[in-house]
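Enquirer: Just to be clear, the model below is a prediction. Sequence and coordinates:
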Amino acid sequence: MEVSCSKCNGIAAVYLPYGNENLCKKHFVESFEKRVRRTVREFKMIEKGDRIGVAVSGGKDSMSMLHILKDICGSMRVPLVALSVDEGIKRYRETTLSVAKENCKKLGVEHRILTFKKEVGITVDEIAKREERRGTCSYCGVFRRWILNKSAREMGLNKLAVGHNLDDAAQTVLMNFLRNEPFRLARFGPAGGIVKSEFFVDRIKPLMRIPEREVAVYSIIKGMNIKFGRCPYAHEAFRNDVRIFLNELEEKFPGTKFRVFNSFMSVKGALREKFNSDETPMRCKQCGELSSHEVCMRCQMLEELVG
Ligand code: SF4
Ligand code: ZN
């Protein structure tokens with residue numbers, strides 16, 4: 001039997017278990033966009049005078065975020081540029097980047113692609129062959145953040161939007177507690193980290209309250225032509241275990257991921273106070289970017305790989 005939408009007589013397309021609501025496509029899209037806009041407003045993610053960079057990988061999260069931010073920035077007359085990083089992952093990144101290109105073109109958004117090869121001199125495929133101890137993803141994450149921060153700043157952007165969804169956030173919170181690394185959480189959150197410096201471009205995360213499953217549904221309804229593949233190096237074992245655990249709990253107790261995230265939000269201020277340091281961040285003596293050590297992580301890692 002067809003179930004009807006909780007808001008109209010249309011046929012329901014999505015069930016939201018935590019709210020016990022069935023929504024048709026139109027009302028789901030409306031509710032999704034309204035929630036993202038509310039998050040953007042609540043955390044003052046976008047303000048007049050901003051210049052926004054949107055990190056787009058071509059996956060469902062970044063593409064959905066770009067579609068909504070394009071509208072928000074358009075109505076506020078805030079300039080927006082999409083930035084992609086090509087890490088050099090054969091048979092994976094080409095596909096997602098073509099989705100990013102296609103969507104940026106459709107939306108009329110300027111799109112810049114930065115490559116590992118040019119910016120750090122080594123691709124992820126090459127790293128995977130050389131590295132022995134940290135795991136490929138550790139290098140990839142550090143290099144990507146370094147490239148995005150430096151490039152966004154050089155392009156005169158003051159904020160960088162990243163497509164982290166509720167599942168990513170709940171996993172990060174739980175992982176940091178399970179590892180006894182609460183100081184890392186002090187830097188985490190939907191907007192504005194601890195580091196305040198003209199060399200650091202603030203991160204904003206407009207999808208942080210949206211469950212991953214809903215982002216996937218939104219991207220399909222909106223016809224973004226997403227390819228749901230996985231990076232061949234994606235096997236961070238611990239995050240995977242936490243993901244499975246949270247998904248099982250969510251199934252039994254709908255709303256679990258929201259509760260994990262909300263618990264974190266209610267102690268975030270205290271964490272920041274406890275772990276905040278007044279020290280001005282240093283500049284790396286090799287590359288000049290911000291660093292908590294004399295030589296930044298990107299330069300230390302590069303040294304390990306290429307000597
Ligand atoms: Fe990079 Fe790992 Fe993500 Fe692949 S899964 S893109 S290697 S961080
Ligand atoms: Zn450096």
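Expert: Received it, and whenever you're ready, just let me know what you need. Ligands and ions are numbered 1, 2, ... in the order given.
Enquirer: Give me the neighbour count for whatever residue of the stretch 151-300 of the chain ends up closest to ligand 1.
Expert: The nearest approach of the stretch 151-300 of the chain to ligand 1 comes at residue 231, 3.2 Å away (C-beta to the nearest ligand atom). Bear in mind the C-beta positions are built from the backbone N, C-alpha and C, glycine included. Residues contacting residue 231 under the criterion other C-beta atoms under 10 Å number 17.
Enquirer: surely it meets residue 88?
Expert: No: between residue 231 and residue 88 there is no contact under C-beta atoms under 8 Å: 11.7 Å.
Enquirer: And the helices in the stretch 201-307 of the chain?
Expert: 212-221, 237-252, 256-275, 297-306 (DSSP state H, counting those that start in this stretch).
Enquirer: And the strands in this protein?
Expert: 14-16, 21-23, 52-55, 80-86, 110-115, 159-161, 202-204, 282-283, 290-291 (DSSP state E).
Enquirer: what does the first one rub up against?
Expert: Contacting residues not belonging to strand 14-16 are listed as 3, 21-23, 25, 28, 214, 217 [C-beta atoms under 8 Å, 6 or more residues apart in numbering].
Enquirer: Redo those residues as TSV? Include pLDDT.
Expert: Output for the contacts of strand 14-16, formatted as TSV (pLDDT from 0 to 100):
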residue	pLDDT
3	93
21	94
22	96
23	97
25	97
28	97
214	97
217	97
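Enquirer: farthest-separated two in those residues?
Expert: Spanning the widest gap among the contacts of strand 14-16 are 3 and 214, at 17.2 Å by C-beta to C-beta.
Enquirer: Just want to know which of those two has more residues nearby.
Expert: residue 214 (20 against 11).
Enquirer: List the contacts of the more buried one.
Expert: 14, 16, 28, 32.
Enquirer: neighbours around the second one, how many?
Expert: Residue 16 is flanked by 16 other residues according to other C-beta under 10 Å.
Enquirer: Okay, and the beta partners of it?
Expert: residue 21 (DSSP bridges).
Enquirer: What's the separation between it and ligand 1?
Expert: According to C-beta to the nearest ligand atom, to the nearest Å, residue 16 stands 29 Å off from ligand 1.
Enquirer: same thing with the first one?
Expert: Distance check for residue 14 against ligand 1: by C-beta to the nearest ligand atom, it reads 28 Å.
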